[in-house]
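J.: Need a 3D model of the sequence below.
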Amino acid sequence: MKSAVVIGAGITGLSAAVSLKKAGYDVRVLEKNDHTGGCVHTVRKDGYLVETGPNSIMVKDIQTAMFMGEIGLADELMLPGNAAKNRYICKDGELVPAPAGPMKAIKTPLLSAGAKLRVLKEPFVKKPANLTEESLASFVQRRLGPEVLDFVAEPMVSGIYAGDPKRLSAKHAFPKIHEIEHQYGSLIKGAFKAMKNKPAGSFRPIMGTFRNGMQSLTDKLAAQLGEGLTLNATVTGIARQDRWEVSWEVNGEQHSTGADALIIAVPAYAVRDLPLPEPLRETLYDLHEIPYPPLASLSLGYRREQVQHPLDGFGALVPGVEGRKLLGVLFPSSMYADRAPEGHVLLTAFIGGMRQPALATLSEEEHLEIAKADLATLIGASGDPAFVQRTLWRKAIPQYNVGHGDFLAMIEKAEAENPGLHLCGNYRGGIAVGQCLANGLKLGQDIAKGQ
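T.: The predicted model follows:
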């Protein structure tokens, strides 16, 4: 029987391990913490269900959907209510519905008449010759104009990456739009051709969560591993001769095992802390330079009558040009049932990120005052919340900034020079939960096939 060691029990590491176990591998997963799931964590408190990390999962392919059924999550899946179709963006202190479709885009007050005309010119914008890697801000402004950048792209980037479009790489952070321009020369032309050529009956992406929260996913994955999962494990040695040899310590006891495959599934900044052999350690040392900005999430419960806004949506994003301190706010109790007690609503506000990193590390009291002030203007929230749960991520989301390809090349070099080594995580191949799950499953399958 072939064997594998996985270091790190986040989404990608867990799904890769389960995939390998399903393929007949003897798998050992080592996690330094006393829990699995990485940033995925669900808290039930005072009648509220709070996600301290990701709030939803987007499943984009039939294989991932079928896998979730296999591990017993099909009956747990919750789809968002109809209200979640609405998204809001703040402009001049007011929440404006984001346009959902071409006709609503024509009428939206988010963009001026001049900006809308500029968008219509997009199919005629030529890509400059010999263009080097560009930022998302440069890409959007070049193709769609400055207002689309300020009131669509920039808040979207804050909502996904808590990032800065002037730094994020169009090619690596949003590979689909980069590829559409390369293939069709126009985003609008590419969108129309994609709709026209879409196969009948093709899988439609599913966005949702689970009845008992996102942690249900990582708990189910962990349960598949049984005794193959070791928590509170400190890796003390990694070496390679004919096979990989990994040593670890738990409660003062030393353990070791050999493995045909070694999967490193820790955050990029934590790779250099592992006892890697030279020259592998030297090859991967600079991975810690991938930026992870700090981010605070503030889950707030209000009595329904304290909030004037109908909260008929997924949430609201706040563009940087608005000059506010919140990046945005989600409306979890509008999206999913049983997220707040009867007569109450749950909101999740975000502070910090690449836009204003210093704000993320303020005290809980300061965060609460920031949230109350901005929410009073944005949704008419008054008084003190009945419930507060703050989470501070000092290193939140990896940024696929311009130059991210250098880090990927570094990883590919290490894997090529060290047979059986694989690195994975949300710094490679996508940051979303659904992408990490799919990437881990595929990695396990590829290893089992000898790829």
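J.: From the contact counts, what lies against the host helix or strand of Met66?
T.: Assigned by DSSP states H and E, Met66 belongs to helix 62-70. When contacts are defined as 3 or more C-beta pairs under 8 Å, 6 or more residues apart in numbering; DSSP states H and E, helix 62-70 packs onto helix 433-448. Quick note: C-beta positions are derived from backbone N, CA and C, even for glycine.
J.: Below-threshold pLDDT in the stretch 51-200 of the chain: ranges please.
T.: Low-confidence segments of the stretch 51-200 of the chain, defined by pLDDT under 70: 102-103.
J.: how about the strands of it, start to end?
T.: Along the stretch 51-200 of the chain, counting by DSSP state E, counting those that start in this stretch, strands occupy 57-59, 77-78, 87-91, 94-97.
J.: same for the third one, what does it pack against?
T.: Judged by 3+ C-beta pairs under 8 Å, 6+ apart, the packing partners of strand 87-91 are strand 94-97, strand 315-317.
J.: Surely Ala9 touches Arg28?
T.: No. Ala9 is beyond contact range of Arg28, at 11.1 Å (criterion: C-beta atoms under 8 Å).
J.: If you count surrounding residues, which of these two has more?
T.: Between Ala9 and Arg28, counted using other C-beta atoms under 10 Å, the more crowded position is Ala9 (28 against 22).
J.: quick one: that one from Val18, how far?
T.: Distance check for Ala9 against Val18: by C-beta to C-beta, to the nearest Å, it reads 11 Å.
J.: same thing with Thr52?
T.: 23 Å.
J.: Which of the two has more residues huddled nearby?
T.: Just comparing Thr52 and Val18: by other C-beta under 10 Å the higher neighbour count belongs to Val18, 27 against 21.
J.: how about the more buried one, what does it touch?
T.: 71, 221, 224-225, 440-441, 444 (C-beta atoms under 8 Å, 6 or more residues apart in numbering).
J.: please redo it, this time with the cut-off set to 7 Å
T.: 221, 224-225 (C-beta atoms under 7 Å, 6 or more residues apart in numbering).
J.: Buried only: go through those for me.
T.: In terms of neighbour count (16 or more other C-beta atoms under 10 Å), the buried residues within those are 221, 224-225.
J.: how is this protein carved up into domains?
T.: 3-37+215-290+399-448, 61-99+293-396, 111-124+132-194 (automatic domain parsing).
J.: still on that earlier bit, I'd like the strands of the stretch 51-200 of the chain laid out as CSV, including distance to Thr132.
T.: Formatted as CSV, the strands of the stretch 51-200 of the chain follow (distance: least, C-beta to C-beta, whole Å):
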stretch, distance to Thr132
strand 57-59, 31
strand 77-78, 43
strand 87-91, 31
strand 94-97, 35
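J.: Out of the ones you listed, which one sits most buried?
T.: Highest mean neighbour count of the strands of the stretch 51-200 of the chain: strand 87-91, a mean of 22 (counted as mean count of other C-beta atoms under 10 Å).
J.: what's in contact with it?
T.: Taking C-beta under 7 Å, 6+ apart as the rule, strand 87-91 contacts 95-98, 110, 151, 155, 313-314, 316-319, 322, 378.
J.: and if we set it to 10 Å?
T.: The contact list for strand 87-91, computed with C-beta atoms under 10 Å, 6 or more residues apart in numbering, reads 94-100, 108-111, 150-152, 154-156, 159, 309, 311-319, 321-322, 324, 326, 328-329, 331, 374, 377-379.
J.: In its sheet, which strands sit next to it, and in what direction?
T.: Paired strands of strand 87-91, with direction, are strand 94-97 (antiparallel), strand 315-317 (parallel) (DSSP bridges).
J.: could you dump those strands to CSV with distance to Glu342?
T.: Formatted as CSV, those follow (distance: least, C-beta to C-beta, whole Å):
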stretch, distance to Glu342
strand 94-97, 25
strand 315-317, 22
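J.: looking at those strands, which is closest to Leu14?
T.: Of all the strands paired with strand 87-91, strand 315-317 sits nearest to Leu14, with 27.6 Å by C-beta to C-beta.
J.: just how off-centre is the closest one within its chain?
T.: Here strand 315-317 is found 16 Å from its chain centre; the criterion is C-alpha atoms, centre = their mean, to the nearest Å.
J.: No further questions, thank you.
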